[in-house]
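Trainee: Make a model of this:
(2 chains)
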Amino acid sequence: MKMTGEYRIAAPRNRVWDAINDPEILQHCIPGCEAITRNTPTNWTARVTAKVGPVKARFQGNIRLEDLDPPSSCRIVGEGSGGAAGFARGEATVQLDADGTDATVLRYTAQAQVGGKLAQIGSRLIDSFAQRYADDFFAQLAAILGGERDLAVAAAVQPEAPAPSAPHVPADAEPGAAVTRDDRPDASFPASAAKRFDSQSFTIVVLSLLLVFMTVMYALKP
Amino acid sequence: MLRFGVNVGAKFGIGQAVRRAEDRRFVAGSGRYVGDIVLPGMAHAVVVYSQHAHGMIRSIDTSRASAMPGVIAVLTGADAVADGIGGLPPYFMPADSGGPPGYRTIRPILVADRVRCIGDRIAVVIAESERQARDAAAAIDVDIAPLPAVVSPDAAAAPGAPLVWDDCPGNACFTLAFGDVAATEAAFARAAHVVALTIHNNRISANSIEPRCAVGCFDPATAGFVLHTSSQNPHGVRKVLAQSVLHVPENDIRVISPDVGGGFGMKADAYPEDAIVLWAARRLGRPVKWVGTRSEALMGDNHGRDQTADAALALDEHGRALGLRLTARHALGAYVASATVAPITFAMRMLPGVYDIPAVAVRTTATFTNCSPTGPYRGAGRPEACFALERLMDMAARAIGIDRVDIRRRNLISADQMPYTTAVGVTYDSGDFGAMMDRCLSLADWSGFPERQRQTEAKGWLRGRAVTSYLESAGVFNDRMELRFDPEGNVTILAGTHSHGQGHATVFPQLIHEWLGLPYDKIKYIQGDTDKVAFGRGTYAARSSMLAGTALHAAAQDAIAKGRTMAAQLLDADIDDIMFADGQYSVGQGNRTIGFADVVKAFYRPIGVPGGLSLGLTTIGTAGGQSPNFPNGAHVCEVEVDPATGAIHIDRYVVVDDVGRILNPMICEGQIVGGIAQGLGQALLEAIVYDPDSGQLLSGSFSDYGMPRPDTMPLHIESELAEIPCKTNVLGVKGVGESGTIAAPPTLVNAVLDALWPLGVTDIAMPLTPARVWTAIDQASKRGAA
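Mentor: Residues are numbered from 1 along each chain as shown, chains lettered A, B, ... in the order given. So this is what the prediction gives:
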């Protein structure tokens, strides 16, 4: 799956850069994050306890930062195994652009690959969880950076309006979604249609990996 | 002789809609399935499956799992190798019956080195409870170095594609070709019209209501295994486990398949879990039970279909077919499993179907992919054939500008052409395809369509319709039935076939009641136990009515003959004067009579052996060597499509089936309607989806895999049976189990395309989900605007 997204954060670019490179801030922003350890400046480990529905589980993920170009861009590569629950690998390119002096536009492109049970039974659930966690993450980040609660999660949100002559978009296509997904020719199979990644999912790998693990645990609940 | 409706025999006899004897226990919850079996000391197995579609196993760490509560053993492929455990071969290959050579695979019951699909079995945990086993299975760490994977047969055949088996170039396992290429090319060269299309028959899952399960036992005293398994073919399972996996004599294994909740071809052969529970039971000295989950079924059961085909039809200026050409790639998955060669062959051999097509050339390549194996699934190749042919017929009618009914009338094989041999060498004994179509059109009020269309259009929807014909080939191999009479004069049928939804416990006693005159409710029926039934081949390929029916007829005739000898003694008459009718022996037409049951009792007299006969009466009948029979019929479907959402509503569905001599019309119609539901499932909703890059399974639960539901189905399927007795078996029966599944997909798809034709939509790949239908409408409207 391939995802892109764009967020406007009401803080100068340097502060945003520092924040997303600060384990302590990330730990606060990621729901359920117990620890982020910076083993080396570019090699991190994260431990998250997540509770989704009746399931509470602890996950471990490894993250590597590459192509660092402070304060404007970096590439984040991560992978983790959830044992029988499946595995995930992913990478995200994050770009920060100043929007005036006191705001920053964060753009990301992420590619994640999930496998095992995660792919088999989690794919429908990932969207909504990723959305919620992304929102929570940005709300926290905004609160920490500016004391502002209502972080703008807008920017570049161009609903893909149907052509005037075209019939209505089916209900499950979520036409207002901002995020585009690499749609393959077969994307309209029932499973992959539902998988169309229309949600706003911020996939700094810490998130993408851990969220999908939780999804799996949710799906695996007795 | 053509008859619509049913010829009725004796009460509870042939042609009666006798209610199914087995249903009382099923609806009352007293069926006995493998999952119900609880044995003293029984342990529980949970299997660890590969999470990678292709890769090398670097390590399997079982240490955490082994230390967990309740865990008795953790076994891997290395343990299986050390114990000399073999793997699962295909049931047969083309080369076994004189066909072309192929790449024969052996599927390990636990993979030790290289995984080739999601769902390859890697390890098994045996624990005191299923929960403990499942927890421990989650604690096994399997480290796999991924390899590139291929998913579609087209991708697998492309140059440079990753190889599923390193020494099988191009992933091409074998190629089958039938027909006359030169004659077909000549037909295309002189044709006035040629239509062509590329179609994909979606990969689907059988989804029997009862998932597969198995209980294995081993008795060290006798060195004997007992396997309880949810199978359609217990003797077949015994053979492969004895010969290829455990390397023990067949009579060291007893296989019991009790009540089985559906098979559809998917349960026709042994699976790794069948072998695992027996092997584990022997190692541990305890019974071991494995019960598959729904997700494990979607992942690990053999799938159906997954064929891509380029098909073309050549016609003259009057719409008469001149030639038919089809080149296909049929996905095998990672292994040649079960009887998967059968659907691949049928998809080619049955392609000409009901039409008189002088030149045919078909060719298919069975292609390895990094997916679960495919195998026979209800219809098994005939749906693929029918889909291509009926889609082409509709296309041709539109291309030439003639009515879709007319083009069929011009091309159907007529009743007076019977027996008819197709251009690929299949001989049909009987059938009146035109009569089936006409009757179906009439029942469906085909001519009243324009008014219904106006009503549909008034609400902003679109209405379409289709009529298709189908032809099935039913009955393979041989089989054996046994009649065991007892001292009270009653009889037990021991069946070599295996009913798992087909109603054999009802229909076979109907036959015996009809033939021997014994009371219907005193006839017992036994199946599915290799220690009770001496031999049999199970049930699949719509084979049981013909093969078991014919074998049962032979056994009954033998019983009547032996009884005649006894009756002659009892009636003190010359054997040549003894007549048998309505369950009574009589001397000539006179009033000296004795009932069949009383004659049977005489076989159990305590002293002496009645002249020339043995103590007791058991007769055995075999059937085999007949040509298959050819059930056929017509389907009409009318749909309404909401262009705003792509939703499809099936407004009417009518089907007329020539099933030969009708044994039980209620069961026939149940089979037909159930088959249509499965066919509509493939057409509308169902798809096993793998990620095309990684080979990850994306449809591993019922929230991702769309099953047909009541609201998918038409409110009513009108079914009428026709009797044109088969000429090649003594009963005159034709099969009925697969018919509905064969014709439903092209009928539905052609009807939807008819509705969308005015919008410029010419093709939609199955399944026709609302998203796909809407997208096709959207794209067509954009093309139209451009």
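
Trainee: While we're on the closest residue in space to residue B:764 that isn't next to it in sequence, how confident is the model there?
Mentor: Leaving out its chain neighbours, the residue that sits closest to residue B:764 by CB to CB, 6 or more residues apart in numbering or on different chains is residue B:776, at 4.8 Å. For glycine as for every other residue, the C-beta is placed from the backbone atoms N, C-alpha and C. Predicted confidence (pLDDT) at residue B:776: the value is 98.

Trainee: which residues does residue B:776 contact?
Mentor: B:646, B:756, B:761, B:763, B:764 (CB atoms under 8 Å, 6 or more residues apart in numbering or on different chains).

Trainee: export those residues to CSV and tack on pLDDT and neighbour count?
Mentor: Listed next are those as CSV, based on pLDDT from 0 to 100; neighbours: other CB atoms under 10 Å in any protein chain shown:
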residue, pLDDT, neighbour count
B:646, 97, 25
B:756, 98, 23
B:761, 97, 23
B:763, 97, 13
B:764, 98, 19
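
Trainee: Report the spatially nearest residue to the residue of the stretch 601-750 of chain B found nearest chain A, omitting neighbours in sequence.
Mentor: Ranking the residues of the stretch 601-750 of chain B by distance to chain A (CB to the nearest CB) places residue B:700 first, at 2.5 Å. Spatial nearest neighbour of residue B:700, chain neighbours left out: residue A:120 (2.5 Å); criterion: CB to CB, 6+ apart.

Trainee: one step back: distance of the residue nearest to residue B:764 from residue B:198?
Mentor: Per CB to CB, to the nearest Å, residue B:776 is found 15 Å from residue B:198.

Trainee: sorry, back to before: what about the residue of the stretch 601-750 of chain B closest to chain A, how many neighbours?
Mentor: Using other CB atoms under 10 Å in any protein chain shown, residue B:700 has 29 neighbouring residues.

Trainee: And it, its phi and psi?
Mentor: Dihedral angles of residue B:700 (phi, psi; degrees, to the nearest 10) stand at phi -100, psi 10.

Trainee: One more: residue A:104?
Mentor: When quoted as degrees, to the nearest 10, the phi and psi of residue A:104 stand at phi -140, psi 140.

Trainee: Let me see the contact set for the closest residue to chain B within chain A.
Mentor: For chain A, the residue closest to chain B is residue A:120, as judged by CB to the nearest CB, at 2.5 Å. Contacts for residue A:120 were tallied using CB under 8 Å, 6+ apart; they are A:86, B:118, B:295, B:298, B:299, B:696, B:697, B:698, B:699, B:700, B:701, B:704.

Trainee: one more time with 7 Å, if that's ok
Mentor: Residue A:120 sits next to B:295, B:299, B:697, B:700, B:701 when contact means CB atoms under 7 Å, 6 or more residues apart in numbering or on different chains.

Trainee: Go through those residues and single out the one with the most neighbours.
Mentor: Neighbour max across the contacts of residue A:120 (other CB under 10 Å) = residue B:697, 32 neighbours.

Trainee: Surely it and residue B:118 touch.
Mentor: Yes: counting by CB atoms under 7 Å, residue B:118 is a contact partner of residue B:697 at 4.7 Å.

Trainee: With secondary structure added, can I get the contacts of residue B:776 in a markdown table?
Mentor: Compiled in a markdown table, those are given as follows (DSSP: H, G, I helix; E, B strand; the rest coil):
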| residue | secondary structure |
| --- | --- |
| B:646 | coil |
| B:756 | helix |
| B:761 | coil |
| B:763 | coil |
| B:764 | coil |
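
Trainee: which bits of chain B sit near chain A?
Mentor: B:51-52, B:137-139, B:141, B:295, B:299, B:643-646, B:685, B:687, B:689, B:691-692, B:694, B:696-701, B:703-704, B:706, B:767, B:769-772, B:774-775, B:777-778, B:781-782, B:785 (CB under 7 Å from any CB of the partner chain).

Trainee: Let's see which of those residues end up in helices.
Mentor: Among the residues of chain B next to chain A, DSSP state H puts B:137-138, B:295, B:299, B:770-772, B:774-775, B:777-778, B:781-782, B:785 in helices.

Trainee: Which PyMOL command selects the buried ones in those residues?
Mentor: Under the burial definition 16 or more other CB atoms under 10 Å in any protein chain shown, those of those that qualify are selected in PyMOL by:
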select buried, chain B and resi 137+138+295+299+770+771+772+774+775+777+778+781
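
Trainee: Going along the chain, name the helices of the stretch 151-300 of chain B.
Mentor: Per DSSP state H, counting those that start in this stretch, the stretch 151-300 of chain B carries helices over the ranges B:153-157, B:181-190, B:234-240, B:272-284, B:294-300.

Trainee: Any idea which of these gets closest to residue B:523?
Mentor: When these are compared by CB to CB, helix B:234-240 sits nearest residue B:523, at 21.8 Å.

Trainee: for that closest one, the distance to its chain's centre please.
Mentor: How far helix B:234-240 lies from its chain's middle: 17 Å, per CA atoms, centre = their mean, to the nearest Å.

Trainee: where does chain A have low pLDDT?
Mentor: A:1-3, A:49-59, A:81-85, A:121-135, A:146-222 (pLDDT under 70).

Trainee: Okay, helices next: where are they in it?
Mentor: Using DSSP H, helices in chain A cover A:13-20, A:23-29, A:117-146, A:190-195, A:205-219.

Trainee: So in chain B, which helix runs the longest?
Mentor: Ranked by residue count under DSSP H, the longest helix found in chain B is helix B:544-571.

Trainee: the residue most distant from the middle of chain B, which is it?
Mentor: residue B:572 (51.5 Å; CA atoms, centre = their mean).

Trainee: Distance of that one relative to residue B:585?
Mentor: Here residue B:572 is placed at a distance of 12 Å from residue B:585 (CB to CB).

Trainee: what does residue B:748 give?
Mentor: Taking CB to CB, one finds residue B:748 at 54 Å from residue B:585.

Trainee: Compare these two (neighbour count), which wins?
Mentor: residue B:748 (28 against 24).

Trainee: Test my guess that that one contacts residue B:637.
Mentor: Yes: look at residue B:748 against residue B:637 with CB under 7 Å: they come within range, at 5.6 Å.

Trainee: Low-confidence stretches in the stretch 201-350 of chain B?
Mentor: Of all residues in the stretch 201-350 of chain B, none has pLDDT under 70.

Trainee: Identify the residue of it closest to chain A, quick one.
Mentor: For the stretch 201-350 of chain B, CB to the nearest CB, closest residue to chain A: residue B:295, 5.8 Å.

Trainee: and that residue, how far is that from residue B:306?
Mentor: From residue B:295 to residue B:306 the distance is 20 Å (CB to CB).

Trainee: ok, now residue B:510?
Mentor: 38 Å.
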